[in-house]
Structure formats: structure tokens, C-alpha cells
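K.L.:
Structure for the following, please:
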Amino acid sequence: MKKYTKILITAAVAAAIGSSVLAAGTTSGLRDIDNYWGKQAVEYFYDNHYVSGANGYFHPDDPITREGIASIINNMLNESPAVPKTSFKDIQGRWSQRAIDSLVDKQIMNGYSDNTFRPTQNITREEFAVIAYNYMSYKGITVQDTAVPYDDENAIAPWARKAVDTLAAAGYMKGANNTFQPKAEITRGEAVNVLYRILTNGKGSSAKQNTLETQVFKDVTDVYGSIKNFAKDGIMYWQGNKLHVGVKTQANRDKLEQALAEDSQIEGGTVIVQRSTYSYNDYKNIMARAEKVYRANEPTGSFVKTDVDYLNEKVLLTVNSISKDTQTALNKEIGGVLRIIIQ
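P.N.:
Residues are numbered from 1 along each chain as shown. As a prediction, the model looks like this:
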């Protein structure tokens with residue numbers, strides 16, 4: 001994939017719309033969305049079995065919980081490989097446990113420092129923006145993350161700012177009356193509509209690439225035990241029609257190369273296993289450190305964007321301007337892996 005941000009590029013290709021029971025006023029069987037502004041998205045998700053209703057009702061204006069969104073996104077991914085169980089003490093035996101385990105493994109969602117996931121806790125708009133952004137990154141959906149000014153932008157948490165800007169710039173998630181309302185709870189209908197826009201407008205890989213990635217994913221999981229473990233040691237990216245898998249550790253590189261070679265579902269020459277100096281987690285850490293140093297030394301509100309050039313093993317820091325002192329601080333903190341682009 002071009003961008004292995006949060007692990008792997010896959011196509012944002014929706015499944016074929018399944019059949020459903022007809023009900024008066026709708027094609028989905030849901031009784032409370034006929035006059036709902038986001039009806040099309042809800043029907044699409046219902047028909048594809050990403051969401052369900054209770055006794056024929058979807059309750060689009062109800063807040064969505066953490067386990068609720070985990071379930072929806074897990075259904076969207078529709079990936080069957082086994083995932084390692086998390087140790088969160090408040091999800092053991094819950095109906096949502098597998099979905100939560102899957103999304104935590106893929107680094108789309110995280111738990112809390114007290115070893116809880118808080119599955120029934122409602123999600124705020126800024127929290128959901130981060131989850132949706134992580135989903136986009138996992139699927140390889142990249143868009144311009146130009147800063148979008150809001151009257152309440154100071155209320156947006158620093159850890160959510162990049163996600164909010166990215167989703168707003170792409171038109172996937174916006175506020176009202178020039179406010180984002182980051183601390184307000186997002187509803188079931190609103191969340192589905194954001195994800196629907198991402199699905200139908202996102203640009204991922206082709207169907208052929210998606211099939212190959214899915215198969216490579218299975219082999220990676222067999223070797224590493226989980227995607228999370230792979231993220232500590234490897235990266236993936238597309239160059240032309242070749243899927244490159246970079247691995248830091250020689251032993252794991254050998255194991256993965258053998259697993260791929262023995263996989264009859266993978267055509268020879270389509271996947272290249274190679275040495276990598278950095279893993280996905282390494283790049284993620286370097287990008288965070290680079291942004292932190294830049295923001296600490298430059299005026300508040302200065303534009304900054306980080307990206308990864310996997311082919312040349314560089315972290316790209318794109319800014320509008322930068323002082324010599326900031327460059328010195330970045331070189332001291334990050335070193336030669338960083339490339340500064342002034343636009």
C-alpha cells in the first residue's frame with residue numbers, strides 16, 4: 001500500500017446489498033427511519049448487515065456506545081482470522097468481545113489505563129473522529145488533512161485535532177453553525193452516516209489488491225500471532241502492482257517469506273518481503289515526536305503535517321514555515337530519518 005498508516009491498505013469496497021424484509025415506507029424493515037435525514041446510509045448498513053435493529057427500530061437519534069461502534073466497524077471489515085483476546089476486565093463474556101478484541105488488535109480502538117474498555121460508555125464526537133480516522137488509515141484511505149477552522153476549535157482535544165481536520169476536510173464529518181461540538185455525544189445515525197461517506201467516497205486499493213492483501217494478512221497473522229505484534233516489527237506498502245512487506249527482524253522475515261512462498265493462494269512475484277529499518281509503530285512514534293517538537297517551537301496554530309515515505313524510509317514533515325531553531329531541535333530529536341518539506 002502506498003500508506004501503511006495503521007497497518008494495511010485494503011479497498012473501501014462495499015459488499016453487495018443483501019435482500020431484506022420489506023416494511024411500509026422503507027426497503028430495510030426499519031420502522032423509525034422513513035423520515036430520517038440519513039435514511040440512505042442507515043438502510044445501506046442495515047442491508048449489508050453492518051447494523052441491526054431491535055424489534056424493527058434502529059433508534060438513529062440515540063447515542064452510540066463504544067461497543068456499538070466496535071461491532072459496526074468489525075462487521076464492515078468482515079475479516080475472519082482469529083484475533084488475540086484482550087485482557088480488559090469489563091468485556092469478558094460480553095456479546096461485543098470479539099469485535100472489541102479485533103479493533104484493538106488493529107489499533108482502530110484502544111482501552112483505558114485501568115485495564116478497562118468501558119463498552120457501554122457513549123462516544124463523543126471527537127472520540128468518534130479518532131476512531132473513524134484510524135479506520136480510514138487501516139483501510140488505506142488517505143485524504144488531505146487541511147485544518148478546518150471552527151469557532152470552538154480550542155475545545156477540540158490535541159489528540160483529536162488531526163482526525164477532526166482530516167474528516168472535516170474530506171467532507172466526511174462536519175459541524176453545524178461553524179462549530180464542531182467535540183464533547184457532544186454522537187448518535188447512532190450520525191456515526192453510520194460518517195462511515196457511509198467514508199465507504200462510498202474513500203479511495204482504496206483495487207479488488208485484486210484487496211484479495212491479495214487479505215491473503216497476506218492471514219499469513220502475517222499466522223507468523224506473528226496478531227496484527228499488533230506485526231506492527232512492532234513490520235510495514236506494508238504498495239509500489240506499482242507489488243505489495244512490499246518490510247520486516248526488521250531477520251528470523252521473522254525468514255518465517256514470513258516461507259509462509260508466503262508456501263501459500264498457494266498467492267501468485268509468485270506479487271509480494272516482496274524485504275528488510276525494513278523501521279516498523280509501523282516506529283514510524284508512528286517518530287511522526288508524533290516530530291509534530292510535538294515542531295508545535296513546541298513554532299507559533300500556536302502553525303500548519304504541520306506528517307507522512308511516511310516507506311520506499312526511502314523517511315518521515316516527511318510538511319510545514320508552511322520553520323525557524324532555524326526548530327530545525328536544529330528536530331535534527332537533534334529525530335535525526336536523519338526526518339525530511340522537512342516547506343510548502
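
K.L.:
contacts and neighbour counts: CA atoms only from here.
P.N.:
OK.

K.L.:
do you know how far Val245 is from Asn312?
P.N.:
Taken as C-alpha to C-alpha, to the nearest Å, the spacing of Val245 relative to Asn312 amounts to 14 Å.

K.L.:
Which residue ranges of the stretch 1-150 of the chain form helices?
P.N.:
The residue ranges that make up the helices of the stretch 1-150 of the chain, judged by DSSP state H, counting those that start in this stretch, are 39-47, 66-77, 97-105, 125-139.

K.L.:
quick one, the second one and helix 39-47 angle?
P.N.:
Helix 66-77 and helix 39-47 are oriented at 80 degrees to each other (axes from the mean of the first three to the mean of the last three C-alpha atoms, to 10 degrees).

K.L.:
Any regions of the stretch 151-300 of the chain where pLDDT drops low?
P.N.:
202-207, 240 (pLDDT under 70).

K.L.:
ok, back up a step: averaging pLDDT over each of the helices of the stretch 1-150 of the chain, report the lowest-scoring one.
P.N.:
For the helices of the stretch 1-150 of the chain, the weakest mean pLDDT is recorded on helix 39-47, namely a mean of 90.

K.L.:
How far off centre is it?
P.N.:
Remark: helix 39-47 is offset 21 Å from the chain centroid, using C-alpha atoms, centre = their mean, to the nearest Å.

K.L.:
circling back to that earlier point, select, out of the helices of the stretch 1-150 of the chain, the one closest to Ala231.
P.N.:
helix 97-105 (9.8 Å; C-alpha to C-alpha).

K.L.:
on that earlier part again, reformat the helices of the stretch 1-150 of the chain into CSV and put mean neighbour count and distance to Val223 next to each item.
P.N.:
Formatted as CSV, the entries for those read as follows, by neighbours: other C-alpha atoms under 10 Å; distance: least, C-alpha to C-alpha, whole Å:
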stretch, mean neighbour count, distance to Val223
helix 39-47, 22, 33
helix 66-77, 21, 21
helix 97-105, 23, 15
helix 125-139, 24, 20
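
K.L.:
now Asn229: how far from Arg289?
P.N.:
Distance, Asn229 to Arg289, using C-alpha to C-alpha: 22 Å.

K.L.:
no wait, Tyr150
P.N.:
Tyr150 sits 26 Å away from Arg289, taking C-alpha to C-alpha as the criterion.

K.L.:
Equivalent analysis for Ala329, please.
P.N.:
From Ala329 across to Arg289, the span is 11 Å (C-alpha to C-alpha).

K.L.:
cool, and Leu77?
P.N.:
Leu77 sits 30 Å away from Arg289, taking C-alpha to C-alpha as the criterion.

K.L.:
again with Thr86
P.N.:
In this structure, Thr86 and Arg289 are 28 Å apart, going by C-alpha to C-alpha.

K.L.:
Good, we can wrap up now.
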